[in-house]
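*Asks:* This is the structure alone, sequence omitted:
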């Protein structure tokens, strides 16, 4: 259900951005369109940076996730438990 809210929110933001560009062209010409578009790009970049920063902080506090399969679990045990030579020898 949360994904649907994000899609609606994204659609509304896209519609607002398109309307801002059209209004900028009508009232200010091409120069204002460039300014509005540059501001929109900066806002998108800030939003993406904020999202990645939040994800990075969330992951920093967690332990390493469990291996998703037996092969990866054994590989992790070899790397964690033994020396580098042991890990290479078992390959």
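*Replies:* Good, I have the coordinates. Computed from a predicted model, the values in this text were never measured in an experiment.
*Asks:* longest helix of this protein?
*Replies:* helix 30-60 (DSSP state H).
*Asks:* what's the spacing between residue 30 and residue 41?
*Replies:* Residue 30 is 16 Å from residue 41, where distance means C-beta to C-beta, to the nearest Å. No exception for glycine: its C-beta is placed from N, CA and C like everyone else's.
*Asks:* which other helices and strands contact the longest helix of the chain?
*Replies:* helix 2-28 (3 or more C-beta pairs under 8 Å, 6 or more residues apart in numbering; DSSP states H and E).
*Asks:* hmm, who's touching stretch 17-33?
*Replies:* Contacting residues not belonging to stretch 17-33 are listed as 35-37, 40 [C-beta atoms under 8 Å, 6 or more residues apart in numbering].
*Asks:* Apply the buried test to these and list what passes.
*Replies:* Among those, the ones that count as buried by 16 or more other C-beta atoms under 10 Å are 36, 40.
*Asks:* which stretches of the chain aren't confidently modelled?
*Replies:* 1-3, 5-6, 56-65, 67, 82-91 (pLDDT under 70).
*Asks:* Swap in 90 and give it another go.
*Replies:* Within the chain, the ranges that satisfy pLDDT under 90 run 1-14, 17, 28-30, 37, 40-41, 43-91.
*Asks:* The helix or strand harbouring residue 75 packs against which elements?
*Replies:* Taking DSSP states H and E as the definition, residue 75 sits inside helix 70-81. If contacts are counted by 3+ C-beta pairs under 8 Å, 6+ apart, helix 70-81 sits against helix 84-89.
*Asks:* which parts of the longest helix of the chain are buried?
*Replies:* Buried residues in helix 30-60, counted by 16+ other C-beta under 10 Å: 32-33, 36, 40.
*Asks:* Helix 2-28 and that one, what's the angle between them?
*Replies:* Between helix 30-60 and helix 2-28, the angle comes out at 160 degrees (axes from the mean of the first three to the mean of the last three C-alpha atoms, to 10 degrees).
*Asks:* Now do helix 30-60: distance to the chain's middle.
*Replies:* Relative to the centre of its chain, helix 30-60 is centred 11 Å away, using C-alpha atoms, centre = their mean, to the nearest Å.
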